[in-house]
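>>> just coords:
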């Protein structure tokens, strides 16, 4: 009998690793680390619960203190953070899982509240349009939003130094036991701020032409790959995602990402991950599918994500639109998602109210099918 989700359940190879299925867990900030950006035992439990994913991509890890976007988010720049993530990766590996670290820098998305000495955030150019900062009310602790401050444009030497900062962060991620790293070049973070013409008005070698705007990402890869190997490095992009003030013209998007695809091919990356926005926060034609577009110009390993479910994900694999499917909230609510898909079992629904709140509720308390069966058996026995 034919297997209903044969493509999702088929094994594969991402970079240096053979993996048991084509279901990837998305990088999702969950706001569950300490105020110093250090993971705790609950983080280890959360990731180890989901280790049956073909690959997990960790939540954003900020590469330096100036890169912090908001409170209670993770870093990979201190010894305490390295030690905390080492405990997480050990637990994941004990469950047979693989986990990459997503390396990120907020750039202009940060705020003086999070900057050393209250300085201005740094960015390719001094542009703040469309950005809101997510802060904590000092009295209530509740989330409040405030207009972003105008960032300070980085000097040319600072851009080159930031390349080295990413290299150091990649080495720290390796020390913490991660199986590889992903460069976050989407959702309005620093690498995308360089990539996009609407946020990069520079006149040096990191601005102006498409090649110059891509240079920061290319140089970051050139710095990291000799240290980790190309099979342990991925890149995330979100070409038409308007989140965090990222807007532009559709024509410029097509040109930029077609150039970038050609530039990335020789690196033989572990993967290129394309995020298709689903929040009604996109620009360009509504029928533009960035995964389809990138597939036309990138023939190496491609990950696709954006509110795909088991049926649309299976169809995308069958059509060769991408090679692996990235699931986000489905993995939050279903730690055993691959098992559920394997037997076509129902999925738990996620709770929107607890996606981004402190504590274990909505984090480590979603049940597996085995736990549900055990609970049912216990209830039956006591009846």
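Arrived safely, thanks for sending. All figures in this text were calculated on a predicted structure; none of them were measured in a lab.
>>> So what does residue 143 have for phi and psi?
Backbone torsions for residue 143, taken as degrees, to the nearest 10, come to phi -70, psi 130.
>>> Correct me if wrong: it contacts residue 136.
Yes. Assessed by C-beta atoms under 8 Å, residue 143 is found in contact with residue 136 at 6.5 Å. From N, CA and C alone the C-beta is placed, and that goes for glycine too.
>>> low-scoring stretches of this structure, by residue?
For the chain, applying pLDDT under 70 flags the ranges 1, 141.
>>> just checking, what's the longest strand in it?
Using DSSP state E to define each element, the chain has its longest strand at strand 55-62.
>>> So which elements touch that one?
strand 23-25, helix 79-94, strand 99-104 (3 or more C-beta pairs under 8 Å, 6 or more residues apart in numbering; DSSP states H and E).
>>> Need the nearest residue in space to residue 43, chain neighbours excluded.
residue 88 (5.5 Å; C-beta to C-beta, 6 or more residues apart in numbering).
>>> Sorry, wrong one. I was asking about residue 65.
Nearest one to residue 65, counting by C-beta to C-beta, 6+ apart, is residue 116 at 5.6 Å.
>>> Around the one you found, how many other residues sit close by?
By other C-beta atoms under 10 Å, the residues close to residue 116 number 10.
>>> My understanding was that it contacts residue 64; is that so?
No. Taking contacts as C-beta under 8 Å, residue 116 lies outside contact range of residue 64: 9.4 Å.
>>> end to end, how far does stretch 69-76 reach?
14 Å (C-alpha to C-alpha, to the nearest Å).
>>> swap in stretch 354-368?
18 Å.
>>> So what touches that stretch?
29-32, 42, 45-46, 49, 72, 329, 332-336, 339, 348, 350-351, 353, 375 (C-beta atoms under 8 Å, 6 or more residues apart in numbering).
>>> The same query, at a cut-off of 7 Å, please.
30-32, 42, 45-46, 49, 332-336, 348, 351 (C-beta atoms under 7 Å, 6 or more residues apart in numbering).
>>> One more: stretch 268-275?
Against stretch 268-275 from outside (C-beta under 7 Å, 6+ apart): 14-15, 180, 182, 186, 230-238, 241, 264, 290-291, 294, 298, 300-306, 326.
>>> Make a ChimeraX selection of whichever of the residues you listed turn out to be buried.
Applying 16 or more other C-beta atoms under 10 Å to these, the buried members can be selected in ChimeraX as follows:
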select :14,15,180,182,186,230,231,232,233,234,235,236,237,238,241,264,290,291,294,298,301,302,303,304,305,306,326
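>>> Just the ones of the contacts of stretch 268-275 in helices?
Among the contacts of stretch 268-275, the residues falling in helices (DSSP state H) are 264, 290-291, 294.
>>> Please identify the buried residues of stretch 29-37?
29-33, 37.
>>> Work out the gap between it and the centre of the chain.
Relative to the centre of its chain, stretch 29-37 is centred 15 Å away, using C-alpha atoms, centre = their mean, to the nearest Å.
>>> ok, residue 212 - contacts?
Applying C-beta under 7 Å, 6+ apart, the residues near residue 212 are 205-206.
>>> which secondary structure element contains it?
helix 210-228 (DSSP states H and E).
>>> what's the angle from that helix to strand 99-104?
140 degrees (axes from the mean of the first three to the mean of the last three C-alpha atoms, to 10 degrees).
>>> How about helix 210-228, which residues are buried there?
So, applying 16+ other C-beta under 10 Å, buried residues of helix 210-228: 210, 212-217, 219-221, 223-225, 228.
>>> Report how many residues lie close to residue 287.
Count around residue 287 with other C-beta under 10 Å applied: 6.
>>> part of a helix, is it?
No. Using DSSP: H, G, I helix; E, B strand; the rest coil, the secondary structure at residue 287 is coil, not a helix.
>>> Please consider this matter closed, and thank you.
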